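Q: Kindly return the folded structure for what I paste below:
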Amino acid sequence: MPGKNPPLPSDVPWTPLAGIAFAMFFYISPLLGAIGAPVFGPFWGLGSGMLLSGSAVLLCLCIFFRRRSGSFTRGNRLAVLRTVPAVELVKAGAAPAVLSAIAIYGWLRVHVHLREWVGHSIAEQPIIGLVRDRTLFPDRYDFYTAVVVIVLLVPVVEELIFRVVLYLPLRQRMGTVRAAVMVSVLFAVMHLYPAGDSVDFLMNALLVTGHLFIVSIFFTLLLERSRTVLAPVIGHAVYNAVVLALVF
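A: Okay, here's the model as predicted:
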């Protein structure tokens with residue numbers, strides 16, 4: 001796709017360690033959600049905690065870009081915050097979306113047959129189980145807050161971390177392909193979760209790392225083809241919305 005936007009920045013003034021640090025911070029940040037519980041009592045639930053922790057990470061990311069860039073304009077450039085016409089976003093994502101969907105479907109079919117052969121069922125990801133169990137939410141507004149966080153806030157934070165803070169410095173050091181593979185492996189591994197015995201964990205590790213690796217490659221292609229972080233953010237938001245729709 002012939003992009004009208006300038007190329008992705010190759011002079012980011014930070015190392016990949018910043019991306020790893022932010023990723024670790026994001027996945028332990030839900031502990032911040034417990035801060036509001038003693039204050040707000042029964043009105044404070046899972047959705048409120050997710051909103052607090054995600055907003056805290058997003059604020060830290062904004063401060064990081066501002067301090068590293070030295071100016072608002074350069075900060076936007078380094079964060080790849082550029083507007084792109086909707087038509088260009090569709091053109092950038094159409095082919096990668098089809099290829100990724102085929103790859104994910106094939107991977108899931110292989111995984112299901114492997115599960116049947118081994119004799120284990122597919123365990124549910126913890127976050128999916130939490131959202132499915134509405135008794136964990138003090139009221140419906142807290143539930144809606146959790147859904148909004150998963151569909152909107154999480155894609156923004158994760159894409160800024162993995163596609164910008166981590167991918168861009170790796171890209172300028174080792175090239176596009178190796179950087180995309182490395183970031184996608186880390187993206188998939190960071191989503192692993194404990195599941196029963198060793199066989200259950202292995203099966204779910206294969207499922208999660210396999211399909212999330214493909215998804216992460218797709219998001220990286222969106223960034224490369226559109227040259228704006230808005231493309232992978234939108235793709236990530238659509239992906240999360242589809243997953244939640246299938247759950248419900």
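
Q: how much space is there between the residue sitting nearest the centre point of the chain and Met182?
A: Here the mean C-alpha position of the chain is nearest to the C-alpha of Glu158 (Cα atoms, centre = their mean), at a distance of 4.0 Å. With the distance defined as Cβ to Cβ, to the nearest Å, Glu158 ends up 16 Å from Met182. C-beta: built from backbone N, CA, C; applies to glycine.

Q: same deal with Arg173?
A: Arg173 sits at a distance of 10 Å from Met182 (criterion: Cβ to Cβ).

Q: Of these two, which one has the most company?
A: A count of neighbours by other Cβ atoms under 10 Å puts Met182 above the other of Arg173 and Met182, at 16 against 11.

Q: ok, that one touching Leu170?
A: Yes: under the contact definition of Cβ atoms under 8 Å, Met182 touches Leu170, with a separation of 5.9 Å.

Q: pull the longest helix from the chain.
A: Here the longest helix in the chain is taken by residue count, with DSSP state H as the criterion, and it is helix 86-118.

Q: Which residue, neighbours along the chain excluded, lies closest to Met174?
A: Met182 (7.6 Å; Cβ to Cβ, 6 or more residues apart in numbering).

Q: now the one you found: how far from Tyr167?
A: For Met182 relative to Tyr167 (Cβ to Cβ), the value is 9 Å.

Q: next one: Val183
A: As it turns out, when the distance is counted by Cβ to Cβ, Val183 lies 5 Å from Tyr167.

Q: and Ile217, how many neighbours does it have?
A: Ile217 has 20 neighbours, counted by other Cβ under 10 Å.

Q: how would you label the spatially closest residue to it that is not a sequence neighbour: helix, strand or coil?
A: Counting by Cβ to Cβ, 6+ apart, the nearest residue to Ile217 once its immediate chain neighbours are dropped is Ser184, at 5.2 Å. At Ser184, secondary structure determined by DSSP: H, G, I helix; E, B strand; the rest coil is helix.

Q: coming back round to it: kindly state the pLDDT recorded for the residue nearest to Met174?
A: Residue-level confidence at Met182 comes out at 96, pLDDT.

Q: Could you list the low-confidence segments of this protein?
A: Across the chain, the stretches falling below the confidence threshold (pLDDT under 70) are 1-4, 41-43, 115, 118-129, 193-208.

Q: redo that, cut-off 80
A: Along the chain, the parts satisfying pLDDT under 80 run over 1-5, 32-44, 110-139, 191-209, 247-248.

Q: Tell me which residues of stretch 29-46 come out buried.
A: With burial defined by 16 or more other Cβ atoms under 10 Å, the residues of stretch 29-46 counted as buried are 29, 32-33, 36, 44-46.

Q: Any idea how far apart the tips of that stretch sit?
A: Using Cα to Cα, to the nearest Å, the gap from the first to the last residue of stretch 29-46 comes to 13 Å.

Q: any idea how far stretch 60-78 is from the chain center?
A: Relative to the mean C-alpha coordinate of its chain, stretch 60-78 is positioned 21 Å out (Cα atoms, centre = their mean, to the nearest Å).

Q: Which positions in it come out as buried?
A: The neighbour-count check on stretch 60-78 (16+ other Cβ under 10 Å) flags 61, 64-65, 68-69, 74-75, 77-78 as buried.

Q: Closest one to Ala94 out of those residues, please.
A: Of all these, Arg77 has the smallest distance to Ala94: 26.4 Å, by Cβ to Cβ.

Q: got the residue ranges for the helices in this structure?
A: Under the criterion DSSP H, the chain contains helices at 16-28, 37-40, 46-69, 72-78, 86-118, 126-132, 140-148, 154-159, 167-174, 176-189, 198-226, 230-247.

Q: and the longest one, what other elements does it pack with?
A: With contacts defined as 3 or more Cβ pairs under 8 Å, 6 or more residues apart in numbering; DSSP states H and E, the packing partners of helix 86-118 are helix 198-226, helix 230-247.
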